[in-house]
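Novice: Everything below, folded, please.
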Amino acid sequence: QVQLVESGGGLVQAGGSLKLSCAASGGTFSTNSMGWFRQHPGKEREIVATISWRGRTTDYVDSVKGRFTISRDNTENTVYLEMKDLKPEDTAVYYCARDSNPYHWPRRSDDFDSWGQGTQVTVSS
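Specialist: Below you'll find the model as predicted:
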């Protein structure tokens, strides 16, 4: 199973930017879609963005469209989440995850089988 390690979280003022990274090791990466999730305190984890195995297809939750960009570098086994115009409601723990099936577009959270430990993003108003 692949190991995922997120980094890049931190404290930022509203309107600011952060870029999260997720490094994969020990398993397949370039054949699998990847996703970024977030979990607000006391709430269920929600999908934020998804990217296909070659990076040709992306999808975003409505609340981040136009502000967040997911990308990947298969030569570096890394997926990124660039976040701009951050808002206090973006405050959450952010996780990356890998689709369990190669060459598959995930439809639900259950499609992901490997998760990182998470990185905290805090946006102050």
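Novice: residues contacting the residue nearest the centre of the chain?
Specialist: Centroid-nearest residue in the chain, with CA atoms, centre = their mean: W36, separated by 2.0 Å. Residues in contact with W36 (CB atoms under 8 Å, 6 or more residues apart in numbering) are 20, 22, 47-50, 70, 79, 81, 94-97. Heads up, the C-betas are built off the backbone N, CA and C, glycines and all.
Novice: ranking those residues by neighbours, who comes first?
Specialist: Ranked by the number of neighbours (other CB atoms under 10 Å), these place C96 first, at 30 neighbours.
Novice: show me what contacts that residue?
Specialist: By CB under 8 Å, 6+ apart, the contact list for C96 reads L4, E6, L20, C22, M34, G35, W36, F37, V79, L81, W115, G116.
Novice: how about the nearest residue to it, chain neighbours excluded?
Specialist: C22 (3.4 Å; CB to CB, 6 or more residues apart in numbering).
Novice: Which strand or helix spans the one you found?
Specialist: With elements taken from DSSP states H and E, the one containing C22 is strand 18-25.
Novice: between the helix or strand following that strand and strand 18-25, how many degrees?
Specialist: The first helix or strand that comes after strand 18-25 along the chain, using DSSP H and E, is strand 34-39. Interaxial angle of strand 34-39 relative to strand 18-25 (axes from the mean of the first three to the mean of the last three CA atoms, to 10 degrees): 120 degrees.
Novice: Pull up the pairing partners for strand 34-39, direction included.
Specialist: Strand pairing for strand 34-39, using DSSP bridges, gives strand 45-51 (antiparallel), strand 92-99 (antiparallel).
Novice: Out of the ones you listed, flag the one nearest S125.
Specialist: Closest to S125 of the strands paired with strand 34-39 is strand 92-99 (CB to CB; 15.0 Å).
Novice: Export the closest one to PDB, keeping only CA atoms.
Specialist: What follows is strand 92-99 as a C-alpha-only set of coordinates in PDB (Å, rounded to 0.1, in the frame of the first residue of the first chain):
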ATOM      1  CA  ALA A  92      -9.600  22.400   8.200                       C
ATOM      2  CA  VAL A  93      -7.200  19.400   8.300                       C
ATOM      3  CA  TYR A  94      -6.400  18.600   4.700                       C
ATOM      4  CA  TYR A  95      -5.700  15.000   3.600                       C
ATOM      5  CA  CYS A  96      -4.500  13.500   0.300                       C
ATOM      6  CA  ALA A  97      -5.700  10.100  -0.800                       C
ATOM      7  CA  ARG A  98      -5.200   7.600  -3.600                       C
ATOM      8  CA  ASP A  99      -7.900   5.800  -5.600                       C
END
